[in-house]
Structures are given as structure tokens and as C-alpha cells.
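1. predicted structure and sequence below. I'll ask about it afterward.
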Amino acid sequence: MSTDFPWPGERMWITVDRERCCAAGMCALTAPATFSQDDEDGRVIVLQDHPPEDEREAVAEAAEVCPCGVISLRP
Amino acid sequence: MTDATPVAPGLPLERQCPFSPPPGLNELRDHRPVSRMTYPDGHEGWLVTGHAQVREVLANPRFSSRGDLARAPIPMGPMAEGTKRFIPRGALTRMDPPEHTRYRRLLTGEFTVRRMRTLEPMIERIVDHQLDLLADRDQPADLVADFALPVPSLVICALLGVPPADRPLFERHTRTLFTLDTPLEERNTALRSLTTYLGQLVEAKRANPEDDLLSGLVAGGELDDEELATIGVVLLVAGHETTANMLAHGAFALLQHPDQLALLRSDPALLPGAVEELLRYLSVIHVGPIRTALDDIELDGHLIRAGESVTVSVPAANWDPTRFPEPDRLDITRRTTGHLAFGHGIHQCLGQQLARVEMRIGFGSLLSRFPGLRLAVTPDEVPLRSDMGIYGVHRLPVAW
């Protein structure tokens, strides 16, 4: 996923593929205001679908480092 | 040089500098990040050293993790020719989906970021106790035996529900498994002993469940005894040997970089970043991961044929200047995003959030408790673990 965010003025949409999530926890570590993990199996939980602008850099970083590439971002 | 020219006779592991990747790997990465490599069994496979290329290999499920397909990139003692390698059920690190997925999902809930934070008080107690013991030692003391090894070992004991009194047993077998020139037969004996030990522990947990991970897995009822014992071995071994080497080698690296050490002491808020930078800079996983192409796969302009082995070098990838400028500089304030110390893809380290907490508390408490910590020998007298599956130092004599 590219790190071209933030796209100023536009909303950021997050989608995740929980089926392919390997629950490494990198998103919850990198952008804790936006991502969490299921207590049962550790898989990603999105806390806010449209993160505010000051969170976007962390969210983009989380998407980039996700080991299974399951986080997609779009404007 | 053509693609047919083998550039390295097996993966180099010997170091000239305790912190740099083995000689030759930096140059190889800068010129040929995807290279042919002759494996010790004669196989003409591949060595991948570039950050982007390593990431691509580890992310692609068509590069298989199956242990029965993998070839060793280093001499591993005499292999019995023609014997079929056998991967026990539950050995999730050497499996592909869907088997791997099933095992991993049973474990990932136990290692979440949130769950690991709840372990902080327990980890602090263990760290403080070891530092008390260290303070009472005669100087110089060995930071490996008195701190770096016992801390993660006691933490994984507490988490899994392994009696700490059995540390000498499982630490000895782990050492045998990770010594690269251990003869195959001895390696198998050590693995069998560990599996038997965990099997007995599983039986004990079934009879008398306690509040620990192993009891939870037993009670869950999803795994049979063979799987439970093997998963127990994987968690126990992986849970202490890797972090132990990061703690010791990390302390060595900080002592050899007084400016970074002073910076870290002056601002504990730098600790999480320092841990990531030490993970990148030291890259203690120096053999593999190893993958096998299941199809013909194009990688960075090279055609990797089905059946060919691909070994990636984490130390070389984490020192890729196209990703980390001035990679040979230890800089605890640098942006380390995307380092590959815990791997990448579906097998990325299950225990990484535990390791982070252990290192944050371990380094933080060590430095604040021993403001005068110093190396008690010259740096070239520190014995390096080039002969071990996990890199680091055998001993770190320190005074304070």
C-alpha cells in the first residue's frame, strides 16, 4: 500500500480483509487509535473507518507494514 | 557475470565486525539483490538480500515454508541420504496454509498487543529480580548468563506454564538444536527429549489445569497430544532464545555506541524506537527464512523455477541503504518502519509483541539500574555466535 496519504481534504476509507489477517498486531501497535485486535484470535478490528487527518500517517504506515497486506486505503 | 554464475558457496555467517552482516552480503545486495547460490548439497538455488525482494519473497505464498521441501543453506552435519524429512504435526513455522492457518489462529489471541501489555507487571518483576541477582555478583559478570538468557526464559515459563526449575533442561536442548554443527542424530535426540518433556507437561496440565497458555490450549480441545507437545516446543524454544540474544547483543551494541547510549539514558521515551532500531541493526535471525518455489515465479527480473530453494538474508535486507539510509549507523531516533527482523508475510513472528515488551523493560531497567555499566573486556574478546542458528554473543563480560 502506498504512503501517499494524507490526501488533503478527502476522507480516508479503510477496508480490511479479516480472512487473510495473520494477527501479527502491527496495525494495533502502529495506529492504536484506528486498529485493535480481536481478543479471541487476534485478528484486526477497525475502530474508525474514517480516521481524522492527524491519524492518517500512522494508518498509512500500518497498511504498509501489515505482513499480510490486508489493509486497503482509498480516498 | 551471468545468472548461471554462482556467486556464493553457501550462506556466509562468519563476521568481521560484530554488528555488520557477514562480509560480502552488503556488496552482494547492492549489486545483485537476487543471486544464485550453491547450497551445500549441490543444489543451485537462490540467495535474496535486498529489502524489497526479501519482502516480496516472504509475502508470496507460492514460496512455500514447508520444512520437508527446504534445503539447508549452510552445512548442517551429515544428512542421511534418501531419508524423507518428517515434519511433525503442529510444527507451524514449517507449514503452509491451510494447516498453518489453523494452528496460528489458535495462538494469535494469546499474543495480541493488548494481551502483552497485561504481562508488563510480571515481566518487570522478573527483570528486577534478575537485576538484583546481577548486582550481587562479583565483577565482571556475564550479562548473558545472569540477565539476557534468564529474563525471556522465565517470562516464557510463566506464560506457558513451564516450571522454571526445568530451565537447565530446556535451555541445554535448545542450545544443542541451535548449534549449527550439532550432528543430525544429536539434534534429533534433543528435539525428541524436548517433545517428550512438553508431552509430559501437557498430561500434567490436563490432570491439573492452571492459569497458563498450555493449560488453555489443552482445555480448548482443538489439538491432540502430539500437536500440543510440538506447539509447546516451538513456543518455548522460539520464546526465549531469540529475545535472549537481542538483549545481550543489544546491550553490547549500546555499550559500543556511547552517544546512542547517552541519548537513550537521557530520554526513556526513546526506548520503543531504540528497540526497533536494535532489531534492525542486529538482525539476529541470520540463517533464512528459507522458502521453496512451488511454481515458476518471477522475482525482480529473475525466473525462479519450481522446486528451487530461496534463502533470504534478514541482516542484509535490514541494512539495505535504499530502505534505511546510512544503514551501518546505529541511530535510535531513525525511522525503522518496515524492518524485517520479525520476518514478513503469514509467518511473521507470533511473539513479536511479547519480545518488544521484554526488550523495552529489559533495556530500560538495565540502564537505569546500572548507570556505570561497561564492557569488562575489549570488544574483540566478546565471543560471537557465528556458529549458532540465532546470532548474538556467547558471553558478555560486564562491570558497573
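-> In hand now; what should we look at?
2. give me the number of residues near the closest residue to A:Phe35 other than its chain neighbours?
-> Excluding the flanking residues, the one nearest A:Phe35 by Cβ to Cβ, 6 or more residues apart in numbering or on different chains is A:Cys27, at 3.7 Å. The C-beta positions use only the backbone N, C-alpha and C, and glycine is treated the same way. A:Cys27 has 29 neighbours, counted by other Cβ atoms under 10 Å in any protein chain shown.
3. A:Cys27 belongs to a helix, doesn't it?
-> Yes. Per DSSP: H, G, I helix; E, B strand; the rest coil, A:Cys27 lies within a helix segment.
4. quick check: it vs A:Glu57, distance?
-> Applying Cβ to Cβ, to the nearest Å, the value for A:Cys27 to A:Glu57 is 14 Å.
5. next one: B:Asp225
-> Distance of B:Asp225 to A:Glu57, computed by Cβ to Cβ: 48 Å.
6. and B:Asp146, by the same measure?
-> Distance, B:Asp146 to A:Glu57, using Cβ to Cβ: 41 Å.
7. between those two, who's got more neighbours?
-> B:Asp146 (19 against 15).
8. pull the contacting residues for the closest residue to that one other than its chain neighbours.
-> Once flanking residues are discounted, B:Asp146 sits nearest to B:Leu134: 4.8 Å by Cβ to Cβ, 6+ apart. By Cβ atoms under 8 Å, 6 or more residues apart in numbering or on different chains, the contact set of B:Leu134 is B:141, B:143, B:146-147, B:370.
9. check B:His394 too.
-> The contact partners of B:His394, by Cβ under 8 Å, 6+ apart, come to B:144, B:383-385.
10. at 10 Å instead, please
-> B:His394 makes contact with B:142, B:144-145, B:245, B:248, B:382-388, according to Cβ atoms under 10 Å, 6 or more residues apart in numbering or on different chains.
11. and the residues you listed, which is closest to B:Pro33?
-> B:Ser386 (23.0 Å; Cβ to Cβ).
12. residue contacts, that closest one?
-> Residues in contact with B:Ser386 (Cβ under 10 Å, 6+ apart) are B:12-15, B:18, B:22, B:180, B:286, B:394.
13. ok, and does the biggest helix by length in chain B reach over to chain A?
-> Longest helix of chain B, by residue count under DSSP state H: helix B:225-255. No. Interface with chain A: helix B:225-255 contributes nothing (Cβ under 10 Å from any Cβ of the partner chain), its closest point being 14.3 Å away.
14. show me what counts as buried in that helix.
-> Within helix B:225-255, the residues that count as buried by 16 or more other Cβ atoms under 10 Å in any protein chain shown are B:227-255.
15. helix or strand right after it?
-> Under the assignment DSSP states H and E, the closest C-terminal helix or strand after helix B:225-255 is helix B:258-266.
16. close to chain A, is the next helix or strand after that following helix?
-> Note on helix B:258-266: by DSSP H and E, the next helix or strand toward the C-terminus is helix B:271-282. Yes. Residues of helix B:271-282 contacting chain A under Cβ under 10 Å from any Cβ: B:Pro272.
17. and the helix or strand following helix B:271-282, how far out from the chain's middle?
-> On the C-terminal side of helix B:271-282, the closest following helix or strand by DSSP H and E is strand B:290-293. Chain-centre distance of strand B:290-293: 18 Å, with Cα atoms, centre = their mean, to the nearest Å.
18. show me what strand B:290-293 is packed against.
-> strand B:44-48, helix B:51-59, strand B:63-64, strand B:302-304, strand B:309-312 (3 or more Cβ pairs under 10 Å, 6 or more residues apart in numbering or on different chains; DSSP states H and E).
19. give the rounded mean pLDDT of the next helix or strand after that strand.
-> Moving toward the C-terminus from strand B:290-293, the next helix or strand (DSSP H and E) is strand B:297-299. Averaged across strand B:297-299, pLDDT comes to 97.
20. so what touches strand B:297-299?
-> Contacts of strand B:297-299 from elsewhere in the structure, counted by Cβ under 10 Å, 6+ apart, are B:33-34, B:46, B:48, B:53, B:56-57, B:60, B:62-63, B:291, B:293, B:303-306, B:308, B:310.
21. which of these are buried?
-> When the contacts of strand B:297-299 are checked for burial by 16+ other Cβ under 10 Å, the buried set is B:33-34, B:46, B:48, B:53, B:56-57, B:60, B:63, B:291, B:293, B:304, B:308, B:310.
22. got the residues you listed as a markdown table, with pLDDT columns?
-> What follows is the buried ones among the contacts of strand B:297-299, written out as a markdown table (pLDDT from 0 to 100):
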| residue | pLDDT |
| --- | --- |
| B:Pro33 | 97 |
| B:Val34 | 97 |
| B:Trp46 | 97 |
| B:Val48 | 98 |
| B:Gln53 | 98 |
| B:Glu56 | 97 |
| B:Val57 | 98 |
| B:Asn60 | 97 |
| B:Phe63 | 98 |
| B:Arg291 | 97 |
| B:Ala293 | 97 |
| B:Ile304 | 98 |
| B:Glu308 | 96 |
| B:Val310 | 97 |
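23. can you tell me which of those is nearest B:Phe342?
-> Of all the buried ones among the contacts of strand B:297-299, B:Val57 has the smallest distance to B:Phe342: 15.2 Å, by Cβ to Cβ.
24. okay but that closest one is in contact with B:His302, surely?
-> No. B:Val57 is beyond contact range of B:His302, at 11.3 Å (criterion: Cβ atoms under 10 Å).
25. returning to that earlier point: farthest-apart pair in the contacts of B:Ser386, please.
-> Put simply, by Cβ to Cβ the two of the contacts of B:Ser386 set farthest apart are B:Pro12 and B:His394, 19.3 Å from each other.
26. around chain B, pick out the residues from chain A.
-> Residues of chain A lying near chain B by Cβ under 10 Å from any Cβ: A:3, A:19-30, A:32, A:35-43, A:61-62, A:64-69.
27. follow-up on the earlier one: show me the contacts of B:Ser386 that map onto helices.
-> Under the assignment DSSP H, these contribute nothing to helices.
28. got a quick ChimeraX command for the buried subset of those residues?
-> In ChimeraX, a selection of the buried entries from the contacts of B:Ser386 looks like this (16+ other Cβ under 10 Å):
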select /B:12,13,15,18,22,180,286,394
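29. if we can go back for a sec, what mean pLDDT does the longest helix of chain B have?
-> Averaged across helix B:225-255, the pLDDT comes to 95.
30. can you give me the pLDDT of residue 15?
-> Chain wasn't specified; assuming chain A. So A:Thr15 comes in at 92 (pLDDT).
31. that's the wrong chain, I meant chain B
-> Here the pLDDT value assigned to B:Arg15 is 93.
32. so it sits against B:His286, correct?
-> Yes. Contact between B:Arg15 and B:His286 holds when scored by Cβ under 10 Å: they sit 9.1 Å apart.
33. now for the two: what residues contact both?
-> In contact with both B:Arg15 and B:His286: B:21-22, B:315, B:385-386, B:391, using Cβ under 10 Å, 6+ apart.
34. pull the most distant pair out of the residues you listed.
-> The distance between the two most remote of the shared contacts of B:Arg15 and B:His286 (Cβ to Cβ) is 14.2 Å, for B:Pro21 and B:Arg385.
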